[in-house]
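A.B. asks: Have a look at this fold, sequence not included:
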């Protein structure tokens with residue numbers, strides 16, 4: 001399944017980018033997509049510094065040019081701003097980069113990464129420096145309210161599932177469809193109404209059934225999109241996890257040793273232009289694997305395309 005047409009690889013000095021660049025080149029090959037390597041340098045860089053970075057990008061890209069054409073670009077300014085401006089200006093549909101040094105916070109994602117997660121309008125693939133050449137286990141994390149039908153939410157979940165399925169096929173990886181749920185105020189209600197424990201338990205069971213059916217329906221929509229044979233070959237495992245998403249999803253990722261989590265980065269009530277949802281950000285801060293972060297169609301980045309400088 002060809003998902004991308006115009007991929008941007010964001011190169012940053014001081015990071016181990018070999019695995020991420022190989023992933024970008026392979027994706028471009030398999031999708032017959034264009035590939036650009038972008039380096040952002042400080043505003044005060046002179047011509048000598050720019051020339052040195054051009055040479056570095058040429059050296060970086062030369063070993064791969066026999067496999068596909070690669071464009072290189074230098075921009076000056078703040079890294080995340082110029083990367084997003086490049087996306088908006090050049091129409092990139094995927095950004096790939098290695099995560100920043102987690103530093104003393106012991107978080108996987110650094111400040112540039114979090115800015116991109118919040119504001120980049122296209123899917124963002126953040127890879128660990130020690131990235132595997134192929135994945136063995138991929139999670140597609142979806143969020144929905146089984147009692148409501150939301151077009152944007154449904155489209156976002158479909159995009160998450162299809163991207164995860166596409167990568168699972170490419171890497172011959174196990175695919176896990178994951179959804180977490182909880183009953184609002186359940187603990188408080190149980191504590192105050194012991195004599196009605198049976199009816200409360202029945203209500204909780206009914207809620208769980210609704211969520212299980214909702215995830216099963218999403219699985220069937222994926223089957224319809226990729227075909228019965230492909231779906232049967234992938235044979236995804238469905239996980240309906242009771243609890244908050246920011247506890248359940250990172251825990252499952254650790255338990256199954258997930259190599260990639262595909263997830264949305266806007267809250268269920270997200271609107272175009274809204275920054276990353278609190279739940280998504282909390283999940284991302286706990287993950288220790290690579291992430292493919294997706295926004296719904298129509299998301300409008302708060303970063304404008306104008307006001308940047310570049311050269312090829």
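C.D. replies: Yep, it's here. Just so we're clear, the structure is a prediction, and the values are computed from it rather than from any experiment.

A.B. asks: Can you show me the strands along the stretch 1-150 of the chain?
C.D. replies: When assigned using DSSP state E, counting those that start in this stretch, the strands of the stretch 1-150 of the chain occupy the ranges 6-11, 34-41, 70-76, 94-98, 124-127, 137-141.

A.B. asks: In terms of secondary structure, what does the last one contact?
C.D. replies: Helices and strands touching strand 137-141, as assessed by 3 or more Cβ pairs under 8 Å, 6 or more residues apart in numbering; DSSP states H and E, comprise helix 151-171, strand 174-181, helix 245-255, strand 260-264. The C-beta positions use only the backbone N, C-alpha and C, and glycine is treated the same way.

A.B. asks: Also the fifth one?
C.D. replies: Strand 124-127 sits against helix 18-31, strand 94-98, helix 111-119, strand 290-294, with contacts defined as 3+ Cβ pairs under 8 Å, 6+ apart.

A.B. asks: Most tightly packed of the helices and strands packed on strand 137-141?
C.D. replies: Mean neighbour counts were compared across these using mean count of other Cβ atoms under 10 Å; the top stretch is strand 260-264, at a mean of 26.

A.B. asks: Walk me through which strands it pairs with, and which way each runs.
C.D. replies: Strand 260-264 has the following sheet partners, assigned by DSSP bridges: strand 137-141 (parallel), strand 290-294 (parallel).

A.B. asks: So what angle separates the directions of that strand and helix 245-255?
C.D. replies: 160 degrees (axes from the mean of the first three to the mean of the last three Cα atoms, to 10 degrees).

A.B. asks: Any chance of the helices and strands packed on strand 137-141 in TSV with mean pLDDT and distance to residue 20 as columns?
C.D. replies: Formatted as TSV, the entries for the helices and strands packed on strand 137-141 read as follows, by pLDDT from 0 to 100; distance: least, Cβ to Cβ, whole Å:
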stretch	mean pLDDT	distance to residue 20
helix 151-171	90	14
strand 174-181	96	22
helix 245-255	92	19
strand 260-264	93	13
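
A.B. asks: So which of these is nearest residue 282?
C.D. replies: Taking Cβ to Cβ, helix 245-255 is the member of those nearest to residue 282, at 3.9 Å.

A.B. asks: State the mean pLDDT of stretch 59-70.
C.D. replies: Across stretch 59-70, the average pLDDT comes to 94.

A.B. asks: first to last residue in it, what's the distance?
C.D. replies: As for stretch 59-70, its first-to-last residue distance stands at 12 Å under the measure Cα to Cα, to the nearest Å.

A.B. asks: ok so, going back, switch the helices and strands packed on strand 137-141 over to JSON lines; also include distance to residue 216.
C.D. replies: Conversion of the helices and strands packed on strand 137-141 to JSON lines gives the following (distance: least, Cβ to Cβ, whole Å):
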{"stretch": "helix 151-171", "distance to residue 216": "13"}
{"stretch": "strand 174-181", "distance to residue 216": "9"}
{"stretch": "helix 245-255", "distance to residue 216": "18"}
{"stretch": "strand 260-264", "distance to residue 216": "19"}
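
A.B. asks: Poorly predicted segments of the chain, please.
C.D. replies: Within the chain, the set of residues satisfying pLDDT under 70 comprises 1-2, 101-110, 149-152, 184-198, 266-279, 304-312.

A.B. asks: Give the buried residues for the longest helix along it.
C.D. replies: Counting residues, the longest helix in the chain under DSSP state H turns out to be helix 197-226. By 16 or more other Cβ atoms under 10 Å, the buried positions in helix 197-226 come out as 204, 207, 211, 214, 215, 218, 219, 222, 223, 226.

A.B. asks: pretty sure the second one contacts residue 200?
C.D. replies: Spelled out, it's residue 207. No: taking Cβ atoms under 8 Å as the contact criterion, residue 207 and residue 200 are not neighbours in contact, 10.7 Å apart.
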